[in-house]
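> Provided below for reference: sequence and predicted model.
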Amino acid sequence: MTTPAPRPQAARITTATQSSSLVDVLERVLDKGIVIAGDISISVGSTELLSIRIRLLISSVDKAREIGINWWETDPYLSSRAQELMQTNQQLLDRIEGLERELRSLRSAEPSTPSPNEGPTN
């Protein structure tokens, strides 16, 4: 029984898929960031029916902050304080409504006094 001779190292071809795992690719993308941009337009004749502009940025949070993108930090719906802010806002709206009711009742309870330009009525 004979065993096949080992191939020399030079004969092996290393491809990109063999040398990079999915984790390596993901790490590179998140470290450097990737931008995907494109335009889609649907037209019939010379009439444009639909136009879509796509701009997609994929990066890590640190990389996004580094390039000046941090909108999620100030968005109340993405904040952990969103519920607290919504409750405070509702309390303030209720308080304003109560003050407006009180003001209306005070105005309606005031006696009608003649203005300085009006003379006494006989």
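That came through fine. Residues are numbered from 1 along each chain as shown.
> Skipping its backbone neighbours, what lies nearest residue 33 in space?
Nearest non-adjacent residue to residue 33, counting by C-beta to C-beta, 6 or more residues apart in numbering: residue 59, 3.5 Å away. C-beta here means a position set from N, CA and C on the backbone, and glycine is covered the same way.
> I figured that neighbour hits residue 30, correct?
Yes: Residue 59 is within contact range of residue 30, at 6.2 Å (criterion: C-beta atoms under 8 Å).
> how many other residues sit next to residue 70?
When neighbours are counted by other C-beta atoms under 10 Å, residue 70 registers 12.
> Look up how far residue 110 lies from it.
Applying C-beta to C-beta, to the nearest Å, the value for residue 70 to residue 110 is 53 Å.
> again, but for residue 56
Separation of residue 56 from residue 110 (C-beta to C-beta) stands at 62 Å.
> now residue 30
Here residue 30 is placed at a distance of 67 Å from residue 110 (C-beta to C-beta).
> So for those two, which residue has more residues nearby?
Using other C-beta under 10 Å, the more surrounded residue of residue 30 and residue 110 is residue 30, with 16 against 7.
> how about stretch 85-96 as CSV, C-alpha atoms only?
These are the backbone C-alpha positions of stretch 85-96, laid out as CSV (Å, rounded to 0.1, in the frame of the first residue of the first chain):
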residue,chain,number,x,y,z
LEU,A,85,-39.4,61.9,30.3
MET,A,86,-42.8,60.9,28.9
GLN,A,87,-44.3,60.8,32.5
THR,A,88,-42.9,64.2,33.4
ASN,A,89,-44.2,65.6,30.1
GLN,A,90,-47.7,64.3,30.8
GLN,A,91,-47.6,65.7,34.4
LEU,A,92,-46.7,69.1,33.0
LEU,A,93,-49.5,69.0,30.4
ASP,A,94,-52.0,68.1,33.2
ARG,A,95,-50.7,70.9,35.3
ILE,A,96,-51.1,73.4,32.5
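> Many thanks, we can stop here.
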